[in-house]
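Asker: Prediction below, plus the sequence it came from.
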Amino acid sequence: MIPDCTNCGFKSFAVNTLDFNQIAFMQDKCTETVLKRGEVVYKEGASFQSIAYIRSGLVKLHKIGFNDREQILKIVKAPNYVGIPIAIGHFIAQYSVTVLEDVTLCFISIDTFKCLLDENKNFAYQIIVDLCKNELDNYKNCLHKVQKHSAGLLADALLNFASSIYNSLEYKLPLSRQELADLIGTSRENVSRMLSDFQRDGILKIENKYINIVDVKRLKLISGLG
DNA sequence: GCATTAACCACAG
DNA sequence: CTGTGGTTAATGC
């Protein structure tokens, strides 16, 4: 399905810099798709043809590590591009992207994207801004994963969902316990135990996947302690 | 030594 | 898929 880029309600900063002709050019080369939870945007190791612009929904970027252990690299909320780093220099997906909450997205072919980068320096600049922000986030994340203990990491993850993704202290976790473990780099048993502890200590109220952060202060304290 | 942290295994729901 | 308990290894005080 061909999208209506001009009247899109989720235009990226980059696309806002395009002129009438450029946006028409892009629109002709775009396909809009709806994907449900569990469906795959990219599969690590498979051939890669298009950048995806996530217009709505939530996805995870993940990669198989040593001993076939799954690592969730990051959770990405719409609106956002995924796959740009692959498009620049690879033909094979370097990581997987899988839907956590139903998504509408637009695929843009690599050639079209590169063409726009070439034609419009403001577009290119906005893309760079985005990539730089991601890079800095990744540095921070990397330090945390290496230096913090798992309780601190779990606290970080829970606080992150509240502040960056759901804007609420109550939310439904988009991840299983195993995925939560894959996100912070620990075992699912450990996640179970820590969640039980948090609940026992009155920091959280938990009902299956529904999380209610009752005592943000304590949770932030745990995050701060590492 | 003793405590803490976390991985791995096993078993139950 | 989840929660819990037991065991073991590594590390810090």
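Answerer: Alright, I've got the coordinates. Since this is a predicted model, take the numbers as computed values, not measurements.
Asker: And the strands in chain A, which stretches?
Answerer: Using DSSP state E, the strands found in chain A span residues A:30-35, A:40-42, A:50-64, A:70-77, A:80-82, A:96-109, A:170-172, A:204-207, A:210-213.
Asker: other SSEs contacting the fourth one?
Answerer: Think strand A:70-77. Strand A:70-77 sits against strand A:50-64, helix A:121-147, helix A:177-184, with contacts defined as 3 or more Cβ pairs under 8 Å, 6 or more residues apart in numbering; DSSP states H and E. Placement of C-beta: from N, CA and C, glycine included.
Asker: Out of the strands of chain A, which gets nearest to DNA strand C?
Answerer: Of all those, strand A:204-207 sits nearest to DNA strand C, with 6.7 Å by Cβ to the nearest atom of the strand.
Asker: buried ones in the closest one?
Answerer: A:Leu204 (16 or more other Cβ atoms under 10 Å).
Asker: list the helices and strands that strand packs on?
Answerer: Packing partners of strand A:204-207 (3+ Cβ pairs under 8 Å, 6+ apart): helix A:188-200, strand A:210-213.
Asker: want to try TSV for those, with mean pLDDT, distance to DNA strand B and mean neighbour count as columns?
Answerer: Listed next are those as TSV, based on pLDDT from 0 to 100; distance: least, Cβ to the nearest atom of the strand, whole Å; neighbours: other Cβ atoms under 10 Å:
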stretch	mean pLDDT	distance to DNA strand B	mean neighbour count
helix A:188-200	93	4	16
strand A:210-213	93	17	17
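Asker: Please identify the residues of chain A in proximity to DNA strand C?
Answerer: Residues of chain A found near DNA strand C (Cβ under 7 Å from any atom of the strand) are A:176-178, A:188-189, A:191-193, A:195-196, A:206, A:208-209.
Asker: re earlier: can you say which of the helices and strands packed on strand A:70-77 is nearest to DNA strand B?
Answerer: Here helix A:177-184 is closest among those (Cβ to the nearest atom of the strand), at 7.7 Å.
Asker: which residues touch the residue nearest in space to the middle of chain A?
Answerer: In chain A, the centroid-proximal residue (Cα atoms, centre = their mean) is A:Val76; its distance is 1.5 Å. By Cβ atoms under 8 Å, 6 or more residues apart in numbering, the residues touching A:Val76 are A:Ile54, A:Leu58, A:Val59, A:Lys60, A:Leu61, A:Val82, A:Val97.
Asker: hmm, 10 Å instead?
Answerer: A:Val76 is in contact with A:Ile54, A:Gly57, A:Leu58, A:Val59, A:Lys60, A:Leu61, A:Val82, A:Val97, A:Leu100, A:Asn134, A:Ile165, counting by Cβ atoms under 10 Å, 6 or more residues apart in numbering.
Asker: how about the nearest residue to the last one, chain neighbours excluded?
Answerer: For A:Ile165, ignoring the flanking residues on the chain, the nearest one in space by Cβ to Cβ, 6 or more residues apart in numbering is A:Lys77 at 5.3 Å.
Asker: and of the helices and strands packed on strand A:70-77, who's closest to A:Ile23?
Answerer: Among these, the nearest to A:Ile23 by Cβ to Cβ is helix A:121-147 (10.3 Å).
Asker: need the residues of chain A near DNA strand B, please.
Answerer: A:His149, A:Ser150, A:Ala151, A:Gly185, A:Thr186, A:Ser187, A:Glu189, A:Asn190.
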